[in-house]
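**Student:** Sharing a sequence plus its predicted fold:
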Amino acid sequence: MKKWHLAVMVALCIGLATTVYAFGPGHRCTAAGWGGSGPCYGEPGFGGGRILDSLDLTKEQAGQLWQMREKHRNDTQSLRYEMFQKRLELRKLYADPKTDEALLLAKQKELNLVQQKLDDKRAQLRFDERKVLTPDQIKKLNEAAVGPGCGQRGFGGRGFGPGGVR
């Protein structure tokens, strides 16, 4: 009986270890900030070696950009939570057939205000990030933001490129 328990424990440990290694440093989820510290700007593995890797960032620039992103993420946490709550409230109101249109419109306007605040903070982040980059890096970034695999949004989802501004 004890051998059976040991075999199950070993199998569980191997299974867990496999998933840990699957999402190790360099995985696009950790690089995007979805867990762990992940690789930093300009280091191999960030964004699958796409846009930021092509900028040849110095370690100082990479560190500054990472710190800016972390500060932005921390500063906007309450806004992102508020937006989540407003969307949830709006979804519940839409699901209720008795909800008045005026109330729906008022809730949508509340959500729009929070979204605008978040967009303003994102724009400020992009302005601050530009101050860290050299003119050549900004030019490269602009050119890379419309390349394949970047969709229409460019750098960081709302980049400097022609498709980067919503």
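**Tutor:** Done, it's in. Residues are numbered from 1 along each chain as shown.
**Student:** Only C-alpha atoms from now on, for both contacts and neighbour counts.
**Tutor:** Will do.
**Student:** for the chain, which spans come out with low pLDDT?
**Tutor:** Scanning the chain with the threshold set as pLDDT under 70 gives 1, 13, 16-53, 144-166.
**Student:** again, only this time at 80
**Tutor:** Applying pLDDT under 80 to the chain flags the ranges 1-54, 141-166.
**Student:** what comes up buried for the longest helix belonging to it?
**Tutor:** Secondary structure of the chain per DSSP state H: the longest helix is helix 101-132. Neighbour-count burial for helix 101-132 flags 104, 107, 110-111, 114-115, 118, 122-123, 125-126, 129, 132 (criterion: 16 or more other Cα atoms under 10 Å).
**Student:** Out of these, give me the two with the largest separation.
**Tutor:** Leu104 and Val132 (42.5 Å; Cα to Cα).
**Student:** picking that back up, give the next helix or strand downstream of the longest helix of the chain.
**Tutor:** Following helix 101-132 in sequence order, the next helix or strand is helix 135-144 (DSSP states H and E).
**Student:** For that next one, buried residues please.
**Tutor:** For helix 135-144, burial by neighbour count (16+ other Cα under 10 Å) applies to 137-138, 140-142, 144.
**Student:** hmm, back to that, the longest helix of the chain vs helix 135-144, what angle?
**Tutor:** Angle, helix 101-132 to helix 135-144, by axes from the mean of the first three to the mean of the last three Cα atoms, to 10 degrees: 140 degrees.
**Student:** for Lys98, phi and psi?
**Tutor:** Main-chain torsions, Lys98, degrees, to the nearest 10: phi -90, psi 0.
**Student:** next one: Thr134
**Tutor:** Main-chain torsions, Thr134, degrees, to the nearest 10: phi -80, psi 160.
**Student:** residues near it, how many?
**Tutor:** Close neighbours of Thr134, defined as other Cα atoms under 10 Å, add up to 13.
**Student:** tell me what the longest helix of the chain is packed against?
**Tutor:** Counting contacts by 3 or more Cα pairs under 8 Å, 6 or more residues apart in numbering; DSSP states H and E, helix 101-132 packs against helix 59-75, helix 77-95.
**Student:** Thanks again, I'm all set now.
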